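# Need a 3D model of the sequence below.
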Amino acid sequence: MAAEATPALAEDSGGPRASGPRATGPRATGRRAGRVGSGYPRYVAGKVGGAVVSLLAVLVTSFFLFRLIPGDPVKFMTGGRQVSAEQLAAYRQEFGLDLPLWKQFTNYCGQALTGGLGTSYQFRAPVIDKITEALPNTLLLTGTAFVLYTLLGVWLGARAAWRGGGPGDRFNTGLALTLYSIPSFWLGLLLIIVFAVGMGPIPGLFPTGGMESGGQEGFAYAVDVAHHLVLPVVTLVAVEYGQTLLVTRSALLDEMGGDYLTTARAKGLRDDLVRRRHAVPNAMLPTVTLIFVNLGRTVAGVILVETVFSWPGLGGLFYQALSVPDLPLVQGLFFVFAAAVIVMNTLADLVYPLLDPRVGR
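Got it, this is the predicted structure:
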């Protein structure tokens, strides 16, 4: 009888069902892990309220912080020309820089709360228009890198933890720590020197910067953009995947001694199935947090990488705005960057109870 039951148990691909210390907890089955407690609405209200307070704090910070930057935007707008005091005063009046600071702040808050972020000094265009123009380029770059380094980090982190202490674990962990400690701009410059300019026997294979060569349409345009995308994406993946790997590895190592894994193995389940269907899902809570944070950062872009590769995204736009300083554009971009991270953190908090009902109680 026992010999005949083993194959049936070996085909089980769900959560551990054996009676044991963990079989009755939130980790027992995927079905029970999806339930949330009666306190979930109160939990949601608290998290959303905290996010609103954080957004208001960012709104205030973004206004006062960047006024500490040295430089006069009015003198920048004159292009170094000799202008009279009357002309400088006219510029200040045009952009509201002659108003008291409290009045500038109330105007800024009113514009932000109604969906506007002011007018850029250097582009003479609404800030929201410049952001929406550059946003798709940033999402293309950071979104592509996000998918690649998340999948790579989770996969390698799970394999490293499952064979902890082995050669593969030591190699993957050491490489991840090394790449994670390298400044992204330095790695980007190195890749440009080696693979764009060319070094020794290695020819220049990729463009040195920009998003397109120009003059391309249709499929040829898509290939051209993908060609420009390779080096900045490789830079981001190389620097960022290590963080996901280390978090996934650490969380999975904490699960390795769980009784439910012993039970699953006792059922006759293959080792790979135990890891994939039982251990990894239960260890994903810290990784989910990191994934949502990184997802928020895809909107914020990567200022250094976009600047090094002359990528026309939000990061490069932020660098241009800081050099003026273009206060409305800097403030608007900072608010968008922070809001993206806050929103994604809040979504992560709302997802937690679906993964572990103990969180929302």
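
# Do you know the pLDDT at the residue lying closest to Leu148 once chain neighbours are set aside?
Using CB to CB, 6 or more residues apart in numbering and skipping the chain neighbours, the partner closest in space to Leu148 is Val237 (4.9 Å). In this view, the C-beta of every residue, glycine as well, is placed from N, C-alpha and C. Confidence at Val237, expressed as pLDDT, is 93.

# so where does Val237 fall, helix or strand?
Under the criterion of DSSP states H and E, Val237 resides in helix 218-255.

# Return the set of buried residues in that helix.
224-225, 228-229, 231-249, 251-253, 255 (16 or more other CB atoms under 10 Å).

# Can you name the element that comes right after it?
Next along from helix 218-255, by DSSP H and E: helix 259-266.

# From the contact counts, what lies against that next one?
Packing contacts for helix 259-266, counted by 3 or more CB pairs under 8 Å, 6 or more residues apart in numbering; DSSP states H and E, involve helix 271-274.

# Take the helix or strand Thr307 falls within, keep the C-alpha atoms, and write them as CSV.
Per DSSP H and E, Thr307 falls inside helix 303-308. The C-alpha trace of helix 303-308 is given here as CSV (Å, rounded to 0.1, in the frame of the first residue of the first chain):
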residue,chain,number,x,y,z
ILE,A,303,20.8,59.7,-13.8
LEU,A,304,24.5,58.6,-14.1
VAL,A,305,23.9,55.9,-16.7
GLU,A,306,21.6,58.0,-18.9
THR,A,307,24.1,60.8,-18.7
VAL,A,308,27.1,58.6,-19.6
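
# got the contact list for it?
The contact list for helix 303-308, computed with CB atoms under 8 Å, 6 or more residues apart in numbering, reads 138, 141, 183-185, 188-189, 192, 209, 232, 235-236, 311, 313-316, 318-319.

# try 10 Å this time
Contact partners of helix 303-308, identified using CB atoms under 10 Å, 6 or more residues apart in numbering, comprise 134, 137-138, 141-142, 145, 183-189, 191-192, 208-209, 231-233, 235-236, 239, 302, 311-320, 322, 333, 337.

# So what's the gap between the next helix or strand after it and the chain middle?
Going down the chain from helix 303-308, the next helix or strand is helix 314-322, by DSSP H and E. Here helix 314-322 shows a centroid-to-chain-centroid distance of 18 Å under the convention CA atoms, centre = their mean, to the nearest Å.

# could you give the mean pLDDT of helix 314-322?
For helix 314-322, mean pLDDT is 87.

# now for that helix, which elements pack on it?
With contacts taken as 3 or more CB pairs under 10 Å, 6 or more residues apart in numbering; DSSP states H and E, helix 314-322 sits against helix 127-162, helix 284-300, helix 303-308, helix 327-355.

# which residues touch Leu141?
Neighbour list for Leu141: 211, 228-229, 232-233, 236, 298, 301-302, 305-306, 309, 311-315 [criterion: CB under 10 Å, 6+ apart].

# swap that for Phe64, sorry
Contacts of Phe64 (CB under 10 Å, 6+ apart): 101, 105, 331.

# Return the member of those nearest to Leu269.
Proximity of the contacts of Phe64 to Leu269 (CB to CB) peaks at Gln331, which lies at 55.2 Å.
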